[in-house]
Structures are given as structure tokens and as C-alpha cells.
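1. coordinates only, sequence not included:
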């Protein structure tokens, strides 16, 4: 009798287990989605400090920002939640970029490193001349040493792989520069807000995967110059725009 009771209980438990397996919710194991790398917009914005005259370039993407300037090069920050404006952070660099309308603030931890407004919203300085005309930019201000930030033409943007390797110096009609491979030199003349560059001589080392050609092609022919604070822009007649920051 006792044995029959045990068998009955076992059969009942087996029936309950079978029923549960038949009616239980179906559970699917999911694999994490593959997230594509952030897409950076091709148009950087120059922000200029009204106090120091320093400049930075920020390239905004759909959920990212790329920072160049004030000692940083190609720092990628991810957008985070903010009460107002657009806020981006880099945990690795402990940096925050906060953009509100035309103003941007860069902080490291709790220290404010930079506050400036976009170059487009800056009043453009006008140099007085003896004639009735005046120019909004003066190519002579190109003099000094500059680091390449990027070059854009249409939808294509070229950013240096080795930040700091590409530089150009303009001084009293002579230019010289460095690339990730060779050095170069040449001459230039200034007319109003236009700089015309003559033939450029270059050393002849070969370096695989060098961006030398992309950089030095910027210094061919006549270019329109715009310089505000530490930001320099050279614009070719074909629409190519090259941007630099003071070295």
C-alpha cells in the first residue's frame, strides 16, 4: 500500500513538471548588439575665448564630439544627459565639453580650461587703412607657426593621424614646415587677405602610409586667409578649407 502511494505521488509530480514545461513562457537569450563606431560630422566649429584669444575646434557628431586645441588633439567624447545644451564627456581624459547655443565650456574635473563662443558669432576685426576701403581679415596675420587640424572639401574630411607632426611656419615671405615624413620650405606673398605661395621644395625620404601629400597640397597657389585668435583658416578657390591652431 505504501509503495503504491509513493508511485502515485511520483506520477503526480512528473505530470506537474511536464505541464509546467509545456506552458512556461519562452525565454530567448540575446546577444549584445554590435554598435557601429561613432560618426563624426565633417564640419568642425572654431570657438574663441573672448578673454585670452585662444581657440579650440569641436567637431560634433550625432552623439559624440571631437576636441582639438588647448593641448588636446582628436579627443573623442561621448554625449551624456544634461539639463540644458549638449554635454560630452571623456572618462579617459577626465574632460567635459558643454555646448550651449554659441558657447562652449571645457572642463577637466572641476577646473574650467576654456570658455569661448563660436567663431561665426565673433565680431570680425577690421583693420583701418588710409583709403576708404577696409578688409575684415589681413593675410599678414598668418605669420607664426601653425599646427594642422584638418582639411575638408565637400563631404570629405582629412584629419592628421599624428597630431603635432604637421606644422607650417610663415615668416617675412618665407615658409617652412614639417610632415610625418619630410620637411619643406618655400616663399609666399601677401595681398590684402590673400596669400600666394610659390614653388615648395621638399626633402626626399620615403615613408609608407604618410599623409604628406594631403598636407603639402594645401600650400599651392592663392588662398584666402581668415585668422581669429589662435585659429587660422586657409580657403582654396576650389572650396578646400584647411584649419590650423597656433603652435
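-> That came in fine, so what should we check first? What you are looking at is a predicted structure, and each value in this text was computed from that prediction instead of being measured.

2. quick check on the most centrally placed residue in the chain: phi, psi?
-> Residue closest to the mean C-alpha point of the chain, counted by Cα atoms, centre = their mean, is residue 66 at 3.7 Å. Dihedral pair for residue 66: phi -110, psi 120, per degrees, to the nearest 10.

3. just the pLDDT for it.
-> Per-residue pLDDT puts residue 66 at 84.

4. would you mind measuring from it to residue 90?
-> Residue 66 sits 10 Å away from residue 90, going by Cβ to Cβ, to the nearest Å. For the C-beta atoms, the positions are set from N, CA and C on the backbone; glycine is no exception.

5. shared neighbours, the two?
-> Each of 75-77 lies in contact with both residue 66 and residue 90 under the rule Cβ atoms under 8 Å, 6 or more residues apart in numbering.

6. care to break this structure down by domain?
-> As recorded under automatic domain parsing, the domains making up the chain are 44-120, 130-246.

7. lowest average pLDDT across the ones you listed?
-> Note on these: domain 130-246 shows the lowest mean pLDDT, a mean of 81.

8. ok, back up a step: which one is the residue nearest to the centre of the chain nearest to, not counting chain neighbours?
-> Spatial nearest neighbour of residue 66, chain neighbours left out: residue 59 (4.1 Å); criterion: Cβ to Cβ, 6 or more residues apart in numbering.

9. neighbours of that neighbour, how many?
-> Neighbours of residue 59 under the rule other Cβ atoms under 10 Å: 22.

10. the strand or helix carrying it packs against which elements?
-> When elements are assigned from DSSP states H and E, residue 59 belongs to strand 55-60. Strand 55-60 sits against strand 44-48, strand 64-69, strand 95-100, strand 103-108, strand 111-118, strand 144-153, strand 241-246, with contacts defined as 3 or more Cβ pairs under 8 Å, 6 or more residues apart in numbering; DSSP states H and E.

11. how does it look with 6 Å?
-> strand 44-48, strand 64-69 (3 or more Cβ pairs under 6 Å, 6 or more residues apart in numbering; DSSP states H and E).

12. what lines up beside that strand in the sheet?
-> strand 44-48 (antiparallel), strand 64-69 (antiparallel) (DSSP bridges).

13. could you dump those to TSV with distance to residue 169?
-> Listed next are the strands paired with strand 55-60 as TSV, based on distance: least, Cβ to Cβ, whole Å:
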stretch	distance to residue 169
strand 44-48	21
strand 64-69	19
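
14. which residues does the residue lying closest to residue 146 once chain neighbours are set aside bridge with?
-> Distances taken as Cβ to Cβ, 6+ apart put residue 244 closest to residue 146, at 3.8 Å, once the chain neighbours are dropped. Beta bridges link residue 244 to residue 148, residue 232, judged by DSSP bridges.

15. state the distance from residue 244 to residue 174.
-> Counting by Cβ to Cβ, the separation of residue 244 from residue 174 is 18 Å.

16. cool, and residue 155?
-> For residue 155, the distance to residue 174 equals 35 Å [Cβ to Cβ].

17. who has more neighbours out of these two?
-> In this view residue 155 and residue 174 are compared by other Cβ under 10 Å, and residue 174 has more residues nearby, 11 against 6.
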